[in-house]
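Q: below: sequence and its predicted model.
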Amino acid sequence: MTQIKLRQIDEYRWEIPREGKMRTRGLIFASKEMLPKIHEDRSLEQVANVATLPGIEGPSMAMPDIHWGYGFPIGGVAAFNLEEGVVSPGGVGYDINCGVRLLRTNLEREAIADRVEELVNALFHNIPTGVGSRRKDIKLTVPTLKEVMRYGAAWAVKQGFGRAEDLAHIEAGGQIPGADPEVVSQFAMDRGKDQLGTLGSGNHFVEVGYVAEIYDEKLARALELFPGQVTVIIHTGSRGLGHQVCDDFIKVMLKASAKYGIELPDRQLCSAPIRSPEGQQYLAAMAAAANFAFANRQMITHWVRESFEQVLQMGPRDLGLELIYDVAHNIAKIEKHLIDGKEKTVCVHRKGATRAFPPGHPEVPPAYRETGQPVLIPGDMGRYSFVLVGTQKALEETFGSTCHGAGRELSRAAAIKAAKGRRVVQEMAAKGIIVRGAGRDTIDEEISEAYKDVENVVNVTHGAGISKKVAKLKPLGVIKG
Amino acid sequence: MASPASPTRKRPYRFLAHTADVGLRIRGESLEELFANAARALTATMVDRRRLRRRLSREITVEAPDQEALLVAWLNHLLYLYDVDGFLGRDFTLTQLTPERLTARAVGDIYDPTRHIAKTAVKAATYHHLDITRVPGGWQATVILDL
């Protein structure tokens, strides 16, 4: 295997020069220190592979949390025009609309200092977690499930999960347009019917934390963040329903790629022209799964609020558990962007990448018109997470996109090996972090050493100007899948 | 002690390290055994397989365009059964297997968090590095699972 050659552009930008079948160049955001690790897996080759797909606009990009993914790298961003461009389920991933939402509170860290364990237990009790987590209290009939897929978070609010004000603080209002449940298979619906309102497993979590550091006071104030403030992060996606939609459409796209003569350097890049029936159906099914994920995070938000109310015996007004923002980091969106001075509609694939729109953008809710869209970057459970905002530079350079997280450093197996003989839960408790998980392996897999330091990732995006640091959050209590 | 070359003496499956995910290297004397072992490996990724009782069975039919895609479809169908009602197979018998179609019977249990030890949830079996090859004395397959 030949190592992909990178040409340095500046401190944070590296180019994969266009060659062979590439239709455009690759652009990697990373620091010099990150490169040896990035070269270890084949993710740069994947950036180059994506660059061969028809209709790609701008470079094939990767954020500093780049690592190997199925077909497209994780951390990948690629936009395709609607005329010749393609859409690929591999450019979104199995967990459609996996994403993060951040809640603020009126509470100071000291106010919950001796209640964190109780809070974590209440969350663990109220939100099903872990392998095959399902809700016994909510089983959706097919017509209801279709409503969920059409209306997303708005459906959940209508059922009494959360408040109407929440919706304005969700990417796309918590409802991706064009969702068509009729193109979602019965298999996918079977898998999703009792998984709405569940966390799932893997790296998904609900975390109670606090604002440990503020980088930009003005922005923090506008986002209603203050030092020492208690916060909650929710990280989950579309569960089995989304996985099934992805799997169903990979099968469709394997055939479609052949039918439309799309040359694939890797089978997992299978795709179809955006304008083709297959492409349109995938986008409609993906939107349906994405809406399911928005509803999922909305319902979990409701149970987070209930848990806080139960444990702290406080009313909603005093708690002030308000949604700051909810962003998707596995999605393909139809968006308008300026390309070579002309406005063009493109399909932006963000796979392990987050939208980061600037101040004044029409898709940014009024509350953030001045600040730019909030971006939430979760780190590992033992360190910290970041709140950023989107920038004009991102809009111009990366189709309004930035990083999504830390990225794994160790494989799961290696992490479990590294955790062997250790008592991870006790270790975390000694650091002042209460952890509860459904399975022992899932906690061991998620030890801090298993992840890259998210601060390095965020510093690259901040340094490159594609997002701006606002605050650092540290964990106090976590429930894991 | 020298290990014999016969695949029957080899482990039916083993896990391959893969950043973020896990790979399965599966062996079988026949294709039927290979498919059954792949299913066992999948169950073993998710729970402690030995604790599953042989209580319930499921009749399964899966179709795909080719043999390798059929392996992925088979594993994803088992994930589907698990998501639907928590069914996890412990033993698998392939009753029919062609390059495009299989019928099988899975015998196992409904996942019960009070009795079973959960390991890792699997999102899907993928097409990446997917491979089925003939090896001396049988077959070998590689499948990467997205976790």
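A: Arrived safely, thanks for sending.

Q: switch to C-alpha atoms for all contacts and neighbour counts from now on
A: OK.

Q: which one is residue 30 nearest to, not counting chain neighbours?
A: Picking chain A for this. Spatial nearest neighbour of residue A:30, chain neighbours left out: residue A:64 (4.7 Å); criterion: C-alpha to C-alpha, 6 or more residues apart in numbering or on different chains.

Q: that's the wrong chain, I meant chain B
A: residue B:138 (5.7 Å).

Q: these two touch, right, the one you found and residue B:29?
A: Yes - in this structure residue B:138 lies within contact range of residue B:29 using C-alpha atoms under 8 Å: 4.1 Å.

Q: what about the nearest residue to residue A:391 once chain neighbours are set aside, neighbour count?
A: Closest residue in space to residue A:391, ignoring its immediate chain neighbours: residue A:358 at 4.1 Å, by C-alpha to C-alpha, 6+ apart. The tally of other residues near residue A:358 (other C-alpha atoms under 10 Å in any protein chain shown) stands at 27.

Q: likewise for residue B:56?
A: With neighbours defined by other C-alpha under 10 Å, the count for residue B:56 comes to 14.

Q: with the one 3 residues further on instead?
A: Counted by other C-alpha under 10 Å, the residues lying close to residue B:59 total 12.

Q: that one: what secondary structure?
A: The local conformation at residue B:59, judged by DSSP: H, G, I helix; E, B strand; the rest coil, is strand.

Q: could I get the full set of helices for the stretch 51-200 of chain A?
A: Remark: helices assigned in the stretch 51-200 of chain A by DSSP state H, counting those that start in this stretch are A:116-126, A:142-151, A:153-158, A:164-167, A:186-192.

Q: and the residue nearest to residue A:172 when sequence neighbours are not counted, how close does it get to residue A:173?
A: Nearest-residue entry for residue A:172: residue A:363, 7.3 Å, with adjacent residues in sequence omitted and distances by C-alpha to C-alpha, 6+ apart. Distance of residue A:363 to residue A:173, computed by C-alpha to C-alpha, to the nearest Å: 9 Å.

Q: show me where the chain dips below the pLDDT cut-off.
A: Since you didn't name a chain, this refers to chain A. Scanning chain A for pLDDT under 70 picks out A:1-2, A:131-132, A:439-440.

Q: meant chain B, my bad for not saying
A: B:1-10, B:17-20.

Q: now the helices for it?
A: B:31-46, B:67-85 (DSSP state H).

Q: TSV please, covering those helices and showing mean neighbour count.
A: Listed next are those as TSV, based on neighbours: other C-alpha atoms under 10 Å in any protein chain shown:
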stretch	mean neighbour count
helix B:31-46	23
helix B:67-85	22
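
Q: up against chain A, what does chain B have?
A: Proximity of chain B to chain A, by C-alpha under 8 Å from any C-alpha of the partner chain, involves residues B:17-22, B:46, B:80, B:82-84, B:86, B:117-121, B:123-124, B:126-128, B:146-147.

Q: of all the helices of the stretch 51-200 of chain A, which one comes closest to chain B?
A: helix A:186-192 (5.0 Å; C-alpha to the nearest C-alpha).

Q: just the CA coordinates for that closest one, please, in CSV.
A: Provided in CSV are the C-alpha atoms of helix A:186-192 (Å, rounded to 0.1, in the frame of the first residue of the first chain):
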residue,chain,number,x,y,z
GLN,A,186,-41.1,-2.8,7.4
PHE,A,187,-37.9,-4.3,8.8
ALA,A,188,-36.7,-0.9,9.8
MET,A,189,-40.0,0.0,11.4
ASP,A,190,-40.0,-3.3,13.3
ARG,A,191,-36.6,-2.5,14.7
GLY,A,192,-37.6,1.0,15.7
